[in-house]
Each structure stands twice: as structure tokens, then as C-alpha cells.
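Participant: Okay, sequence plus prediction incoming.
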Amino acid sequence: MGNTERNTFVKTAIINATISLLKEKSFDSISISDITGAAKVSRNSFYRNYADKEAILKEHISNLLEQWDYDYNHTRKTDKDSEMYGSFFAHLKDNSDFYLLLRERNLFHLFREAYLEKYGPKPEQDNLAAYVVAFIQNGMLGWIDEWVNRGMQEAAESMAQLLSSNGIK
């Protein structure tokens, strides 16, 4: 196994161990030793890849968003926002165990941060463009937050339909 493969293996083991531990106990009660023990990696391997425990979840969320972005851009049929939102809600639903776990452990703010980092306003945008992006993406986060807080009861298609019937085309 080369360095890249070994590093990917270590990171995957750390992410999986962290999520598994998070299912059992609160984030604050999980130690680095708990994570490295469950992942069967050294503390050096942990700190070579992550500054702290939050960085593990942030990276995992970013990876999930990147994967959705890639998949959507390679399978979309139209440029309609409703298709994009439907696909995004399907991604959230497909990963509902993880996202609901974040909510249950009061860590959903990490999703919000990763979402806005990827899709929110950028410093290079002019003011008006940044304001419009902030308005749209924070509104979308409002829908996502409320849906997750209510246990993601509706199907992804229903959420896309609700958005479409309320002005998002």
C-alpha cells in the first residue's frame, strides 16, 4: 500500500470510528484515544490528518457534499433549480442516519458551516451577487434545518415539490 492509499485507509478508519462512537455517546465524551483505539490507528496518524475531533466530521460532511456535487453534475437532465433541489434533498435523505445523528448530538452546525463554505457567498463576488447567494443559500439552509429538525418526515421528492410550489423553479 502506497502513502496515498495508506492515508486514505487511516482517514476512513478514523471517520468510521468517530461516527460509530457518536452513535453510542456524546461528542464531548469521545476522546482521541477512543477514536484511535476504535480505528486501530496511532495518535500520530490521527494528528497527521486532523487538528481535532471536529475536523473529522467537517471533512466527512465536505466529502459528502463533494460527492453529491459530482454525482449531480454528471447525471442532471436539466438546469432547473427544482431538479437540483430534489437531488440535494435525495442526498440528504440517503444520508439521513448521519445527518440526524449530527442533529441528535447538537452538531448540525457543522453541516451548516460546510454547506455555506461550499455554496455560500465568496469574497471574490461583487456585493450584489454575494447578497443574492447569501439570501438563497441561507433560505435553503432554513428549509434543510427545519426538515432535519422535524426528523426528515417528507420524501425528498415532496421537499422539492414544496420548494417548487413556493416559488423555487
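Facilitator: Alright, I've got the coordinates.
Participant: For residue 103, which non-adjacent residue is spatially closest?
Facilitator: Setting aside the residues directly before and after it, residue 103 is nearest to residue 148 in space (Cβ to Cβ, 6 or more residues apart in numbering), at 5.2 Å. All C-beta atoms are positioned from the backbone trio N, CA, C, and that covers glycine.
Participant: Tell me which helix or strand the one you found sits in.
Facilitator: Assignment of secondary structure by DSSP states H and E places residue 148 within helix 127-149.
Participant: same deal with residue 158?
Facilitator: When elements are assigned from DSSP H and E, residue 158 belongs to helix 156-165.
Participant: Count the residues that sit near the closest residue to residue 115 other than its chain neighbours.
Facilitator: In space, not counting the residues next to it along the chain, residue 115 is nearest to residue 141; the distance is 6.2 Å by Cβ to Cβ, 6+ apart. When neighbours are defined as other Cβ atoms under 10 Å, residue 141 has 16 of them.
Participant: show me the contacts for residue 141.
Facilitator: Residues counted as contacts of residue 141 (Cβ atoms under 8 Å, 6 or more residues apart in numbering) are 112, 115-116.
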